[in-house]
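**Q** Have a look at this fold, sequence not included:
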C-alpha cells in the first residue's frame, strides 16, 4: 500500500476529449483516499485504477465549474450501489453543496453511507488536522472563487537504532518515547541522548494542488518547499494573453511559481484541448524554467518519496 | 445524412464499466438530433460518434435515476463552450428539471443558447407533434415513475410517376397535390386517378424506447407495429426473480413483448454488469422467442429503413 501518492484520474480542461478526462485526482495517504475535484468520468477512472470506493473518505472541490464537479453525483450514487459504508465528507463552496444535496435527495435518497457536507470558504485556512496530516485551502486567482489544497504530512517518528537500544538495554515500553525524540535515563541515572538511540525520521512529504488559477507569484510563499506541486498549465507561451484573460496559467508560469516556491517537483495539468497530442511543448517550456517537471496523464500515479 | 436512425451512446445499467456507458441514445431524424436519456459520458460519446451539438434540439429523460440523467449538466455546459446556438428542450419529470435548473444557474448561468424546461407527466401523451413526426410518452413499470418514448414518422408523400405525369401533361403546380394523394382533372374534365400518376410513398417508420421497465404485456397494444423496439434486458432467465423485484426485464421478456407487439425488430440494452463480456447469452434467450433481435452496443447506429 502506498504511503503517500497522487493518482491522476483526469487532467484535461473543460470539455472531455478522447485524450483527457476533466479534472480529478485521488491522494492515497497511508491507504486513506482523498479525492480532489471530480469531473465527469472520475468514478469510471477510480475503478480502472483500482482505487477502492470503500477507502474514499474525503472529496475536496476547488471551485464550482462543471469540469471539476459534475462527476460527483454519479460517483456518490455508484458508491451507494457498491454498498459503501462509513462516511464521505464533501468539502466545497456552499452553493455547490446545496445543489448536490438536492440532487442526492432526488436521485439517491438512501445512499447507505453518510455524506457530510462541509462548506469551505474562499480563504487560507486549515480544514483538516489529524495526528498525521493537515489539509489547507489556499486562495487562487480564477474567474470565480477557487482554492488550492495543500496536503502536509506531519513530522514522522524517529527510527529506533536496534543495535544501540540493545547495547544500553532500553526496555521495550520506552520505544514510543524514543521514537518521539525523548532521551533515555538509565537505572544508574546516566542520560543517553536520543540521537544515540535513534535515526532521523523519514522526511514528511507535502503536496499542493493549484488549479484553476492565473499566475500569482504571491502563492509561492504559501506553498514554499512542498515536495510536489501540481499547477495548472492550461496554455502554452503563445497563448499567454488568453491565459491571463481566462484566469489560467501557461506552463512557463507554473514553472516560475515552482522555482519561486522551491518545490521538490512540478506536475503540469489542466491542459487545453488545443494541445491534444502535443503536450510535450508545454513540458519543454516549463523545463526551461524548472527542470524537475512532469506532465500529468490519466492513470499516472506519482509516489511522494 | 441519415433519414431516421438510432445511435447508441450507452447501453449499460447503473454503474459505468469498462464495457458500457450508462443509458443514452441519439435519434437522428432527418438531420435533427434528439437524445433519449443522458447518463454520464454521453457528451464524450456524442463527440466520438460525430453527432453534432449544433443539431441537438430535444433531450428526453425517461426517469430520475442517475444513470439516465447525470450526463446532462456536463453536456449542456460543454455545448455552451462549443458556442451552441438556438434552443434545446429538456423533457423530464419536474423534480429533475428543478435540480437541473439550479445546477445550470450555478455552473453555467449564460449558456448562450436557450434551454427550455418542459415538464412531462407519468402518463400516455403526445408531447411533440410536427408535420413530420410525433413523440409520445408511454407509462412504464419501474420502481419510480418512468416513461418510454415513441417516435413516429408521419405518412410520407407519394412519389410522382414522371412518365405518366408527362403523358397526361399535368402542370408543375399540381405536383404537391399529387404527392398528397389528390386525383388530377384534365382540362377536358377527365379525372385521372392519383394511383395512375404516383407510386406509393416510402413507409413511415417508428421507434419505441422502453427503458427501464418490468415486463408488462399491456404495453404491446401501445407500441403495436413499431419498426424498431428498444427494450431493456437487464437480466438473463436465471435472474428473472431479480428482474421482477427490481422493476426490470429479462431478455426473454423483452422478446415476448416484441412478439406480442409485432415489432419489426427488437434491440436489447441496459445490460447488467454481471453479463459483461457474455451478452450473447441474452441475445440467444431473446431470439428463441423473437428471432429478429440485436444487441445494443456503444457506437452502434441502426438505420430505420
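**A** All right, it came through fine. From a predicted model like this one, the values you see are computed outputs, not experimental measurements.
**Q** Tell me the spacing between residue A:266 and residue A:47.
**A** Counting by CB to CB, to the nearest Å, the gap from residue A:266 to residue A:47 is 29 Å. In this view, the C-beta of every residue, glycine as well, is placed from N, C-alpha and C.
**Q** of the two, who's got more company?
**A** The residue with more neighbours, out of residue A:266 and residue A:47, is residue A:266; 27 against 16, by other CB atoms under 10 Å in any protein chain shown.
**Q** Verify the stated contact: the more buried one with residue A:252.
**A** No. Here residue A:266 does not reach residue A:252: they are 11.3 Å apart, not a contact under CB atoms under 8 Å.
**Q** can you list residues touching both of these two?
**A** Common contacts of residue A:266 and residue A:252 (CB atoms under 8 Å, 6 or more residues apart in numbering or on different chains): residue A:286.
**Q** residues in contact with the host helix or strand of residue A:33?
**A** Assigned by DSSP states H and E, residue A:33 belongs to strand A:32-38. Where contact means CB under 8 Å, 6+ apart, the residues beyond strand A:32-38 that reach it are A:9, A:23-27, A:42, A:51-52, A:55-62, A:68-72, A:75, A:135, A:149, A:151, A:209, A:211.
**Q** Can you list the strands that it pairs with?
**A** When pairing is defined by DSSP bridges, strand A:32-38 lines up against strand A:24-29 (antiparallel), strand A:56-60 (parallel).
**Q** Report the rounded mean pLDDT for that strand.
**A** Taken as a whole, strand A:32-38 has an average pLDDT of 98.
**Q** does chain B sit close to the very next helix or strand once past it?
**A** Downstream of strand A:32-38, the first helix or strand assigned by DSSP H and E is helix A:42-48. Yes. Residues of helix A:42-48 are located near chain B by CB under 8 Å from any CB of the partner chain, namely A:43, A:44, A:47, A:48.
**Q** How about stretch A:200-217?
**A** No. Remark: stretch A:200-217 sits outside contact range of chain B, by CB under 8 Å from any CB, the gap being at least 13.8 Å.
**Q** buried ones in that stretch?
**A** Using 16 or more other CB atoms under 10 Å in any protein chain shown as the test for burial, stretch A:200-217 gives A:205, A:206, A:207, A:208, A:209, A:210, A:211, A:212, A:213, A:214, A:215, A:216.
**Q** Closest to residue A:277 out of these?
**A** residue A:211 (21.3 Å; CB to CB).
**Q** which one is the closest one nearest to, not counting chain neighbours?
**A** Closest residue to residue A:211 apart from its sequence neighbours, by CB to CB, 6 or more residues apart in numbering or on different chains: residue A:232 at 3.9 Å.
**Q** What's the local residue count around the one you found?
**A** 32.
**Q** In ChimeraX, select just the buried ones from the contacts of strand A:32-38.
**A** Entered in ChimeraX, the line below selects the buried ones among the contacts of strand A:32-38, by 16+ other CB under 10 Å:
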select /A:9,23,24,25,26,27,42,51,56,58,59,60,61,62,68,69,70,71,72,75,135,149,151,209,211
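**Q** Please name the residues that touch the residue nearest to residue A:113 when sequence neighbours are not counted.
**A** Excluding the flanking residues, the one nearest residue A:113 by CB to CB, 6+ apart is residue A:84, at 4.6 Å. For residue A:84, the contact set (CB under 8 Å, 6+ apart) comprises A:53, A:54, A:56, A:111, A:112, A:113.
**Q** quick one, strands of the stretch 151-300 of chain A?
**A** Here the stretch 151-300 of chain A has its strands, by DSSP state E, counting those that start in this stretch, at A:159-160, A:184-185, A:191-192, A:198-199, A:206-210, A:228-232, A:265-269, A:293-295.
**Q** which of those sits most buried?
**A** strand A:228-232 (a mean of 29; mean count of other CB atoms under 10 Å in any protein chain shown).
**Q** and the angle from that one to strand A:265-269?
**A** Going by axes from the mean of the first three to the mean of the last three CA atoms, to 10 degrees, strand A:228-232 is angled at 30 degrees with respect to strand A:265-269.
**Q** Pull up the residues of the stretch 1-150 of chain A that are close to chain B.
**A** Counting by CB under 8 Å from any CB, the stretch 1-150 of chain A sits next to chain B at A:14-18, A:40-41, A:43-44, A:47-48, A:64-67, A:69-71, A:73-74, A:77-78, A:81-82, A:95-96, A:98-99, A:102-103, A:106-108.
**Q** Test of understanding: give the bridge partners of residue A:232.
**A** residue A:269.
**Q** Next one, pLDDT for it please.
**A** pLDDT recorded at residue A:232 is 98.
**Q** ok, now residue A:1?
**A** So residue A:1 comes in at 50 (pLDDT).
**Q** Perfect, I'm done here.
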